[in-house]
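Enquirer: my questions are about this predicted structure, shown below with the sequence.
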Amino acid sequence: MQLQFDPVMMVKPRQIQLPYGPTCRLRLGRAAYDGVLHAAGIDLWAVTTQDRRLLRRLREAEALSLSLACDGSGSGLRLSDFTVDEEIGRILFRLSDPLKNGAEPTWLEHSVSTVVRAPCLFRRVAEADLAAVSPFELVLRLIEPDGFLVPSAVISLEVHRPWGGRFNIRGRVVHRAELDGGSQLVIRPERVPDKAAAGWLAVCESDTFGIRQLRMNGLSARGAGRFLRISRCSTVADWHNVVRLRRIANQFFGRHQEADDDTIWTDELDDNSLSLLVWLGRNPVGTGRLVFNGGDRRLSEIEASSPLPDWVWAERFLEVSRVAIDADHRSAGVMIAIFQEVGRIALETNCRYLVLDAIEKLVPIYEKVGAVHLPNTKKHPFSDETVHVMVIDIRRSLTSIDRRLLYWLAVFGPALRSHLRLFGARHTRAILNRGIQIGFTVKQALARALFFRSI
């Protein structure tokens, strides 16, 4: 007799229907009692137990704690809405949906593939899509149903992102719902590192949850440099992001708030410049422009309104302008990331000077990295503010050592280290010409030893 195989069943395994659920542990005060947990209806769950001591104590109890026995000792899920049937030995409880009771995770535009590991899964892993995330709740949609991922289960999420590596988030299932598309789990991180990881995932994946929202939730914004990357504007989509960032950054400070024509944020020099984009995860959060003039005074934004000294034009220089940072991501190292890339490009192109325009509040920041005032001032392109014209002498910056050394290393150290590794010290020394070598030797050694990404 020849066996007949159904090819559909060979591809899709049967879902095993178990006559029982996982062993759970109920804690009432310091006492712990075992039972069996299983679903009993929509948002209803039941624990069956033959422990009469527990059933008697629950007559007067207002709350108890639920956890899975396989998760070991520790805190559990607090239950307060429950009823007890002593005759059949059943505790029936209802779990309210956090999404309907004040929880506001950020829903993602595109779901993110996630791997779920848990003691209740033994060596199996479950695949899920991450649909929403915040520091306090994550929403998962299981690709395949799994009867052991029940409320109170402790699980670990592994999320791999190309811009940030692997995120590991440990949390507890606080709600499970069966939807048309499958099972939906609400996960609540319990430890501070897990809340921080979930918060950074929200910052990097969502365009509505930024650094400001991270701080509002009581979490630190330190370490953003791990998720920052920089690119050059090379596509139409990139250019739209550059213009959008210029608009929202300037309108945040009250400039042209009624403008609905984005061409107001552009000029003819954009065609002769390199625009940079800083990304935090998948979100563009900052931009800056480098103008290459090739000695042509017509290709200088500052020269048009406030002529630069002849000694600046006598050397090769880059003009840095139109720096804009999303207000929700300020103080996240975005400005430093821009100037690290500016420093790298300046070294590669053998530039002597960086010429900057700075509003009053940015002057102290630029001074920390060696910028000095020129006698020139100009008007802000989008307001009546006075803008200071400043210059960084790269040759002097590389050879001098002063009290701002650590700040200089934090900003330009990575650029110098990258340049030394790529081109070697000989190419960099060529920029110095007749400059004093000892300062450069010290900074070269420190840049190689230290690799600051942000401060």
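Expert: Happy to help now that I have it.
Enquirer: give me the sheet partners of the longest strand along the chain and which way each runs.
Expert: For the chain, the longest strand by residue count, based on DSSP state E, is strand 165-179. Under the criterion DSSP bridges, strand 165-179 sits next to strand 154-161 (antiparallel), strand 182-189 (antiparallel) in its sheet.
Enquirer: out of these, which gets nearest to residue 250?
Expert: strand 154-161 (30.6 Å; Cβ to Cβ). Using the backbone N, CA and C atoms, a C-beta is placed for each residue, glycine as well.
Enquirer: list the buried residues of that closest one.
Expert: Within strand 154-161, the residues that count as buried by 16 or more other Cβ atoms under 10 Å are 154, 155, 157, 159, 161.
Enquirer: isn't the fourth one right next to residue 167, touching?
Expert: To tie it back to what came earlier, the one meant is residue 159. Yes. Taking Cβ atoms under 8 Å as the definition, residue 159 is a contact partner of residue 167 at 4.3 Å.
Enquirer: need the residues touching each of the two.
Expert: Shared contacts of residue 159 and residue 167, defined by Cβ atoms under 8 Å, 6 or more residues apart in numbering, comprise residue 201.
Enquirer: circling back to that earlier point, make a markdown table from the buried residues of strand 154-161 and add distance to residue 329 to it.
Expert: Conversion of those to a markdown table gives the following (distance: Cβ to Cβ, whole Å):
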| residue | distance to residue 329 |
| --- | --- |
| 154 | 33 |
| 155 | 30 |
| 157 | 25 |
| 159 | 21 |
| 161 | 17 |
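Enquirer: which among these gets closest to residue 128?
Expert: So of the buried residues of strand 154-161, ranked by how close each gets to residue 128 (Cβ to Cβ), first place is residue 157, at 8.0 Å.
Enquirer: so how far is residue 411 from residue 203?
Expert: Distance from residue 203 to residue 411, counting by Cβ to Cβ, to the nearest Å: 23 Å.
Enquirer: of the two, who's got more company?
Expert: The neighbour count for residue 203 versus residue 411, taken as other Cβ atoms under 10 Å, is higher for residue 203 (29 against 26).
Enquirer: how much space between that one and residue 163?
Expert: In terms of Cβ to Cβ, residue 203 sits 12 Å off from residue 163.
Enquirer: which neighbours do these two have in common?
Expert: 227, 281.
Enquirer: direction included, what does the host helix or strand of residue 111 pair against?
Expert: Assigned by DSSP states H and E, residue 111 belongs to strand 106-117. Neighbouring strands of strand 106-117 in its sheet, by DSSP bridges, are strand 126-133 (antiparallel), strand 154-161 (antiparallel).
Enquirer: could you export those as CSV, including distance to residue 54?
Expert: Output for the strands paired with strand 106-117, formatted as CSV (distance: least, Cβ to Cβ, whole Å):
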stretch, distance to residue 54
strand 126-133, 31
strand 154-161, 22
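Enquirer: would you format those strands as JSON lines with distance to residue 265 and mean pLDDT included?
Expert: Shown next, in JSON lines, are these (distance: least, Cβ to Cβ, whole Å; pLDDT from 0 to 100):
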{"stretch": "strand 126-133", "distance to residue 265": "32", "mean pLDDT": "95"}
{"stretch": "strand 154-161", "distance to residue 265": "30", "mean pLDDT": "95"}
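Enquirer: coming back round to it: neighbouring contacts of the longest strand of the chain?
Expert: Contacts for strand 165-179 (Cβ under 8 Å, 6+ apart): 42-43, 77, 95-99, 138, 141, 149-161, 183-191, 194, 197-198, 200-201.
Enquirer: now stretch 225-232
Expert: So stretch 225-232 is contacted by 163-164, 200, 203-204, 238, 274-281, 332-334, 336-338, 340-341, 453-454 (Cβ under 8 Å, 6+ apart).
Enquirer: give me the subset of those lying in strands.
Expert: Using DSSP E, those in strands are 274, 275, 276, 277, 278, 279, 280.
Enquirer: residue 235 is in contact with the second one, correct?
Expert: No. In terms of Cβ under 8 Å, residue 275 does not count as a neighbour of residue 235; the distance is 11.4 Å.
Enquirer: of those two, which one has the most company?
Expert: residue 275 (21 against 9).
Enquirer: skipping its backbone neighbours, what lies nearest the more buried one in space?
Expert: residue 233 (3.9 Å; Cβ to Cβ, 6 or more residues apart in numbering).
Enquirer: tally of neighbours for the one you found?
Expert: Around residue 233 there are 20 residues (other Cβ under 10 Å).
Enquirer: contact partners for it?
Expert: Taking Cβ under 8 Å, 6+ apart, one finds 239, 241, 242, 274, 275, 276, 277, 287 in contact with residue 233.
Enquirer: what subset of those is buried?
Expert: Here, 16+ other Cβ under 10 Å leaves 241, 242, 274, 275, 276, 277, 287 buried among the contacts of residue 233.
Enquirer: of all these, which comes closest to residue 400?
Expert: residue 276 (26.3 Å).
Enquirer: from residue 92, how far off is the residue nearest to that closest one when sequence neighbours are not counted?
Expert: Leaving aside its sequence neighbours, residue 276 sits nearest to residue 288 (Cβ to Cβ, 6+ apart; 5.0 Å). According to Cβ to Cβ, residue 288 stands 61 Å off from residue 92.
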